[in-house]
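Enquirer: With the input below, show me the fold.
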Amino acid sequence: MKSRTFYLLVFFVFLVYFSIIIQENVDDNNDIESSSHKSEKRDKNNKTIKKADSWILSPFVIDDERGTGDYNWSEAADQDWCSGSGTIGDPYIIENVTINVVGSRSGIHIKDSDVYFINIKPY
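Expert: This is a model prediction of the structure:
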């Protein structure tokens with residue numbers, strides 16, 4: 001009877017030990033997944049990738065030189081619909097924007113600008 005109790009005690013000790021090891025591995029995997037999700041939310045320049053929504057906007061002007069527009073490029077890049085830094089490798093990207101141009105001649109007017117940009121039209 002004493003040997004049976006001893007074996008049961010040894011069994012439970014091993015069970016607890018292996019449970020701890022398995023839990024540590026699960027925690028380590030969760031840490032790896034969390035860090036990979038964080039890296040997936042950053043672009044090649046370590047900038048946070050913005051959420052893919054869509055916006056309906058009134059016509060606007062981006063004017064870098066005179067400041068007479070609604071935005072300059074750095075102000076536009078702070079908006080959720082624009083990203084990038086204006087270089088050839090990381091152009092400003094305006095995307096997922098629908099412009100309500102009723103009564104206007106243009107939707108997005110860009111003037112006095114010498115940066116790289118892309119306007120991705122919605123479907």
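
Enquirer: buried ones in stretch 98-113?
Expert: Using 16 or more other CB atoms under 10 Å as the test for burial, stretch 98-113 gives Ile99, Ile108, Ile110, Ser113. In short, each C-beta sits where N, CA and C put it, glycine included.

Enquirer: In strands, which of those fall?
Expert: Ile99, Ile108, Ile110 (DSSP state E).

Enquirer: For the residues you listed, give me CSV that also has pLDDT and distance to Phe117.
Expert: Formatted as CSV, those follow (pLDDT from 0 to 100; distance: CB to CB, whole Å):
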residue, pLDDT, distance to Phe117
Ile99, 86, 15
Ile108, 88, 10
Ile110, 89, 7
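
Enquirer: is it possible to export the residues you listed to JSON lines including distance to Asp90?
Expert: Putting those into JSON lines (distance: CB to CB, whole Å) gives the following:
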{"residue": "Ile99", "distance to Asp90": "24"}
{"residue": "Ile108", "distance to Asp90": "20"}
{"residue": "Ile110", "distance to Asp90": "17"}
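
Enquirer: Between these, which sits nearest Glu65?
Expert: For those, the residue nearest Glu65 by CB to CB is Ile110; the value is 11.2 Å.
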